[in-house]
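In: Turn this into a structure:
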Amino acid sequence: MPIGEFGGAPPLAAEGSPVLTTPMYWMYEMAHASLNPARAVTDATKLLFQNPLNPWTRTEVGKSVAAACELFERTTRRYGKPEWGLNDTEVNGIRVPVEIRSVWEKPFCKLLYFDRKFARPLRSPQPRVLIVAPMSGHYATLLRGTVEAFLPAHEVYITDWADARMVPLSEGRFDLDDYIDYVIEMLHVLGGNTHVMAVCQPSVPVVAAVSIMEAQRDPFVPTSMTLMGGPIDTRRNPTAVNDLAQQRGIDWFRNHVITKVPFPHPGMMRDVYPGFLQLNGFISMNLDRHMDAHKQLFANLVKGDGDLVDKHRDFYDEYLAVMDLSAEYYLQTVDTVFVKHSLPKGEMTHRGTRVDPSKVKRVALMTVEGENDDISGLGQTEATHTLCSAIPDHRRVHYVQKGVGHYGVFNGSRFKSEIVPRIHDFMVSAANPSSLQALAAE
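Out: As a prediction, the model looks like this:
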């Protein structure tokens with residue numbers, strides 16, 4: 001299964017060796033452990049200055065001390081996987097409870113179904129959507145707003161990728177080829193008549209999976225494919241992220257960001273790209289903004305502005321929760337997508353077979369980009385239309401959302417008010433050629 005010059009995923013620097021590539025993960029764990037005494041003292045101090053029986057509690061000094069304690073606690077905390085918190089939704093003006101359950105599971109992923117518990121069946125079925133979440137450092141809960149926006153008018157499934165440090169080494173490796181296999185298996189489980197939607201990074205493996213299914217005349221090929229802010233061809237309008245991969249090269253990433261999971265995690269000794277390194281990259285891109293946000297949190301805590309404090313907590317509880325990525329998957333993705341541009345060049349393979357997007361004929365295609373996207377530049381996702389040349393013009397749609405960046409492509413007010421309705425109309429019309437032709441002409 002060659003990818004470019006490599007056989008499968010690029011080999012790891014310390015593969016087959018009992019010693020770890022670098023000590024960074026172990027040092028990270030030691031740093032967290034060393035902070036435990038200070039965190040305990042800080043928690044006790046915060047409780048003291050929030051105690052209503054303490055006369056200092058309502059003073060400016062007392063509020064400042066309590067605020068400083070919370071700031072210290074939040075900046076030194078290890079954030080766990082957030083909860084979905086989607087307990088109900090509104091369908092046709094009626095509140096409906098939602099049960100989240102797993103309907104398919106493998107070591108590195110669960111397929112979650114947001115089961116809406118209707119008192120009586122709907123008169124007509126709603127589009128079934130498989131949302132393929134990014135496996136790029138954050139948990140699938142980062143798409144909570146995406147799921148919430150689709151629940152009122154869609155039957156929603158989402159990929160819930162596992163934290164690699166929680167997967168025992170005995171479960172084997174996981175690379176980009178496995179990712180593609182997972183997508184195909186999930187589409188088989190859903191049994192056809194499904195719309196697949198890839199958010200950012202999974203656009204490449206989703207295109208590959210659909211291309212393979214079409215080449216094999218798979219009956220479970222999705223009805224439509226929606227790609228949102230995906231790096232299909234990063235040679236178009238390259239961003240700082242794309243330039244970094246080109247400048248460093250795959251050897252730099254292999255030698256500098258891959259380490260082994262330490263004890264006591266279940267995935268001990270597994271080669272990973274640690275989530276804390278990815279988070280460091282996220283934060284460093286907008287360091288001033290994050291520093292200002294935490295300064296503002298301190299001020300709001302002292303003022304007692306609960307609403308703004310809760311908004312900060314909600315955002316950063318999600319943003320700072322990160323997961324480790326399998327080293328094989330990470331390196332193969334960087335090499336295939338950002339260094340060699342294998343898919344747009346026609347050089348990408350899966351299990352030894354070339355991925356050919358020109359085989360895609362039965363699947364309607366929609367691409368969505370953000371005007372101000374600084375992660376996937378304008379035109380990178382649109383390139384899919386060139387690759388999937390066999391799709392009739394009336395079964396393809398491209399949309400650029402004005403005034404939004406990368407995050408705004410799949411979340412936020414404009415996403416809900418302007419992007420979601422267009423995707424819904426596209427999905428509903430995908431099985432009706434005449435309706436889709438009219439939509440494409442708009």
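
In: and the closest residue to residue 105 other than its chain neighbours, what does it touch?
Out: In this structure, residue 105 finds its nearest non-sequential neighbour in residue 111, 7.2 Å apart by Cβ to Cβ, 6 or more residues apart in numbering. C-beta coordinates here come from the backbone N, C-alpha and C atoms, glycine included. By Cβ atoms under 8 Å, 6 or more residues apart in numbering, residue 111 lies in contact with 102, 103, 104, 105, 157, 158, 159, 160, 186, 189.

In: Next step: the residues you listed restricted to strands.
Out: Counting by DSSP state E, the part of the contacts of residue 111 found in strands is 102, 103, 104, 105, 157, 158, 159, 160.

In: which non-adjacent residue is nearest the third one?
Out: Translated: residue 104. Of all residues not flanking residue 104 in the chain, residue 111 sits nearest, at 3.9 Å (Cβ to Cβ, 6+ apart).

In: Please state the backbone phi and psi of the one you found?
Out: The phi/psi pair for residue 111 (degrees, to the nearest 10) reads phi -100, psi 110.

In: okay, stretch 410-419 in PDB with CA atoms only?
Out: Coordinates of the C-alpha atoms in stretch 410-419 are reproduced here as PDB (Å, rounded to 0.1, in the frame of the first residue of the first chain):
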ATOM      1  CA  PHE A 410     -19.300  24.700  10.600                       C
ATOM      2  CA  ASN A 411     -20.400  26.700  13.700                       C
ATOM      3  CA  GLY A 412     -21.800  30.000  14.700                       C
ATOM      4  CA  SER A 413     -24.800  32.200  13.800                       C
ATOM      5  CA  ARG A 414     -24.000  32.500  10.100                       C
ATOM      6  CA  PHE A 415     -23.500  28.700   9.800                       C
ATOM      7  CA  LYS A 416     -27.000  28.200  11.300                       C
ATOM      8  CA  SER A 417     -28.800  30.900   9.400                       C
ATOM      9  CA  GLU A 418     -27.100  30.700   6.000                       C
ATOM     10  CA  ILE A 419     -25.100  27.500   5.500                       C
END
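
In: contacts for it?
Out: With contacts defined as Cβ under 8 Å, 6+ apart, stretch 410-419 is touched by 143, 145-146, 149, 199-200, 228-229, 368, 399, 401, 403-404, 408-409.

In: Buried subset of the ones in strands among the contacts of residue 111 as a ChimeraX selection?
Out: Buried residues among those (16 or more other Cβ atoms under 10 Å), as a ChimeraX selection:
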select :104,157,158,159,160
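
In: about what we covered before: pick out the most distant pair among the contacts of stretch 410-419.
Out: Spatial extent of the contacts of stretch 410-419 (Cβ to Cβ) is set by the pair 143 and 403 at 20.8 Å.

In: Kindly provide the whole-number mean pLDDT of stretch 173-189.
Out: Averaged over stretch 173-189, pLDDT sits at 97.

In: re earlier: any chance of the ones in strands among the contacts of residue 111 in a markdown table, with distance to residue 356 and pLDDT too?
Out: Output for those, formatted as a markdown table (distance: Cβ to Cβ, whole Å; pLDDT from 0 to 100):
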| residue | distance to residue 356 | pLDDT |
| --- | --- | --- |
| 102 | 33 | 97 |
| 103 | 30 | 97 |
| 104 | 27 | 97 |
| 105 | 31 | 96 |
| 157 | 27 | 98 |
| 158 | 28 | 98 |
| 159 | 24 | 98 |
| 160 | 30 | 97 |
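
In: can you tell me which of the ones in strands among the contacts of residue 111 lies nearest to residue 240?
Out: Taking Cβ to Cβ as the measure, residue 240 sits nearest to residue 159 out of the ones in strands among the contacts of residue 111, at 27.2 Å.
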